[in-house]
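S.K.: here is the input, now give the coordinates:
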Amino acid sequence: MATKVALLMFLCVLPAMVAAIRPAKNPFLVQGRVYCDPCRAGFETSATTYIAGAEVVVECMDKTGTEVVYTKKGRTDSTGSYTIYVNEDHADEICDAKLVSSPHHRCKVVTPGREQARVALTRQNGIASDTRFANAMGFMTEDVAAGCAEILKQYQEFDNEN
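M.R.: Model prediction:
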């Protein structure tokens, strides 16, 4: 009788244990946008447009940051938005969404400080959703566009009021 109970317990508990240690089947969704900054402001302004067809990559490095252990490429849609599906959990890695290239012939210079965005690709951090939102990344034009001085002046006026 004891062996039957042990066998029954084994048959009930084993599948639950296997299910618990198997990786989750739901992929992470890394979402973000890529913009063109014609004012060379370093941030999004009212003159900002979003780049369709820009290439981005999710890249994960080992803990030491010396070796790339995962990459997955994606492209922006007509609104400059991208979604990259990542199936694996990268708890012990440092992951970033990064700019690769812009198809916009006038907007190909990477904006310093806006070339990548950190994303946490693990379920071991208390985030309930599988969607990870990356900060917007940007390219800028070679020259400042007409009308930008007026746009940037508005930001200075707002800054002086506070």
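S.K.: from residue 64, how far off is the residue nearest the centre of the chain?
M.R.: Note on the chain: the residue nearest the mean C-alpha position is residue 134, at 3.7 Å, using C-alpha atoms, centre = their mean. Here the distance between residue 134 and residue 64 works out to 23 Å (C-beta to C-beta, to the nearest Å). Using the backbone N, CA and C atoms, a C-beta is placed for each residue, glycine as well.
S.K.: what residues sit buried inside the longest strand belonging to the chain?
M.R.: Of all the segments assigned as strand in the chain under DSSP state E, the longest by residue count is strand 28-37. By neighbour count, with 16 or more other C-beta atoms under 10 Å as the criterion, the buried positions of strand 28-37 are 28, 30-37.
S.K.: which helix or strand in this protein has the lowest average pLDDT?
M.R.: Every helix and strand in the chain was compared by mean pLDDT, DSSP states H and E; the lowest is helix 2-21, with a mean of 54.
S.K.: how about the contacts made by residue 61?
M.R.: Residue 61 makes contact with 67-69, 93-95 under the criterion C-beta atoms under 8 Å, 6 or more residues apart in numbering.
S.K.: quick check: it vs residue 90, distance?
M.R.: Computed with C-beta to C-beta, the distance linking residue 61 and residue 90 is 10 Å.
S.K.: so residue 133 touches residue 29, yeah?
M.R.: No: the pair residue 133 / residue 29 is not scored as a contact, 9.2 Å apart, by C-beta atoms under 8 Å.
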